[in-house]
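Enquirer: Structural data only, the sequence is not supplied:
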C-alpha cells in the first residue's frame, strides 16, 4: 500500500454525511494529511447555517495535526467527497481559505503535494495553486 492509498483509506472512514443538529451538517468532505514526520491526520468538513463557522476538511486535518503533535509542515494532502479525487472534481482541491491557512501555517507548505487524480497519482503543489503568495516577503523577514 502506498502513502496515498493509506491516506485515502483513513480519510474514507470519516465520510458519512449527515446532520449534527438542525443547524450543522458534517462529514460530506473528508481529508487526510501527512505531516513532516510521516504521521497521518484526518479531518472532515463542518458546515453551519452561519457561514463564518464553517470549517473545511483540510483545515480540520491541519488543526488536528497541530493540536496533537505541534507540527506545522504538511507533506501531502488528499481531500474528497464520496470517491477518490479525479481531475474533473473540484472538491479535491483546497479552497482559497484552506490554501491561505496552509501557506500561513508553515512556509515549507508551499511544497505540499495535493492529490488531483488518485487513479493516475497526479498531484500539484500548494505553490502552483497560490503562486506569488502575498506573505512570502513577510516570512523571509523572519
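Expert: Now that the structure is in, tell me what you want to look at. Bear in mind that the values here come from a model prediction, so they are computed numbers and not experimental data. Numbers count the residues shown, from 1 in each chain.

Enquirer: For the residue nearest to residue 99 when sequence neighbours are not counted, list the residues it contacts.
Expert: Leaving aside its sequence neighbours, residue 99 sits nearest to residue 130 (C-beta to C-beta, 6 or more residues apart in numbering; 4.7 Å). C-betas here are computed from N, CA, C, even on glycine. Residues counted as contacts of residue 130 (C-beta atoms under 8 Å, 6 or more residues apart in numbering) are 99, 100, 103, 110.

Enquirer: what does the helix or strand of the chain with the lowest mean pLDDT contact?
Expert: One helix or strand of the chain scores below all others by mean pLDDT, DSSP states H and E: helix 136-140, with a mean of 77. Outside helix 136-140, the residues within contact range by C-beta under 8 Å, 6+ apart are residue 107.

Enquirer: can you list the contacts of residue 130 in JSON lines and add pLDDT, distance to residue 137 and neighbour count?
Expert: Formatted as JSON lines, the contacts of residue 130 follow (pLDDT from 0 to 100; distance: C-beta to C-beta, whole Å; neighbours: other C-beta atoms under 10 Å):
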{"residue": "99", "pLDDT": "96", "distance to residue 137": "18", "neighbour count": "19"}
{"residue": "100", "pLDDT": "96", "distance to residue 137": "16", "neighbour count": "16"}
{"residue": "103", "pLDDT": "96", "distance to residue 137": "13", "neighbour count": "21"}
{"residue": "110", "pLDDT": "96", "distance to residue 137": "13", "neighbour count": "18"}
